[in-house]
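**Q** Next one to model:
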Amino acid sequence: MKPSATRVSSRLAMDRAAAPSECAGNSATAPARSRQPGVTRRRALVVEADPGTQKDFRDVLNRCGMAADIVDNGVAAVAMARRKRPDLIIMDLQLRDSPGLEVIQWLRSDPALRSTPVIVLTTNAHDVSRSKSWTVEAVLLKPVSSDAMERAIRSSVDPGNVRGDAINPALTTGGQEGGGLR
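**A** Residues are numbered from 1 along each chain as shown. Below is the predicted model of the structure:
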């Protein structure tokens, strides 16, 4: 039996009441979570090959009130970014078809995407020290905790919330905070 519209909207209201209304307390700039017509959610493009990590990012972005588009390679990332114009791009450096930094250069060459914030994910600690010359908002060393991901998302989509350098060393602590994304 198909649920009635009343039951579905009641269920959504209960889900919204139980879920945090914003990403870890950023109420002044939290995007609308409503699915009402005319209300637009911020969108993030996640470029990651591992299905488990894709799910983890989708969950964190949903908690932050953002919709997630997910692709697993660089060519699809550029095509999706050009089509969807995301508010944020989360890019793993180790992609199957092309290096993540090269994909970032492709994205930066498109005037419509040039200023889109990018968070880089890497398993190589050396990338963190090299990242000062990259045009990215944050570099996260995998595995990364959900808390570190939320902080990176908040500071990337809300420039008024950025503290210190564009690449915040507090965000690069990887899984040392417990739990974490792969």
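
**Q** quick one, strands of the protein?
**A** For the chain, the strands defined by DSSP state E cover 42-47, 66-71, 88-92, 118-122, 138-141.

**Q** packing partners for the first one?
**A** Using 3 or more Cβ pairs under 8 Å, 6 or more residues apart in numbering; DSSP states H and E as the contact criterion, the elements in contact with strand 42-47 are helix 51-63, strand 66-71, helix 74-84, strand 88-92. C-beta coordinates here come from the backbone N, C-alpha and C atoms, glycine included.

**Q** buried stuff in that strand?
**A** Neighbour-count burial for strand 42-47, counted by 16 or more other Cβ atoms under 10 Å, picks out 42-47.

**Q** still on that earlier bit, can I get the strands of the chain in CSV including distance to residue 148 and mean pLDDT?
**A** Below are these laid out as CSV (distance: least, Cβ to Cβ, whole Å; pLDDT from 0 to 100):
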stretch, distance to residue 148, mean pLDDT
strand 42-47, 15, 97
strand 66-71, 16, 97
strand 88-92, 12, 97
strand 118-122, 10, 94
strand 138-141, 6, 91
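
**Q** With distance to residue 58 as added columns, please give those in CSV.
**A** As requested, the strands of the chain are arranged in CSV below (distance: least, Cβ to Cβ, whole Å):
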stretch, distance to residue 58
strand 42-47, 7
strand 66-71, 5
strand 88-92, 10
strand 118-122, 14
strand 138-141, 16
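
**Q** give the contact list for the nearest residue to residue 97 once chain neighbours are set aside.
**A** In space, and not counting its chain neighbours, residue 97 is closest to residue 73: 4.4 Å by Cβ to Cβ, 6 or more residues apart in numbering. Counting by Cβ atoms under 8 Å, 6 or more residues apart in numbering, residue 73 makes contact with 47, 49, 95-98.

**Q** again, only this time at 10 Å
**A** 47-49, 79, 95-98, 103 (Cβ atoms under 10 Å, 6 or more residues apart in numbering).

**Q** Pretty sure residue 158 is one of the things residue 152 touches, is it not?
**A** No. Checked against Cβ atoms under 10 Å, the pair residue 152 and residue 158 is beyond contact range at 11.3 Å.

**Q** And the two? Which one has more around it.
**A** residue 152 (27 against 17; other Cβ atoms under 10 Å).

**Q** Quick check, pLDDT for that one.
**A** The model reports residue 152 with a pLDDT of 93.

**Q** again with residue 24
**A** Residue 24 is assigned a pLDDT of 46 by the prediction.
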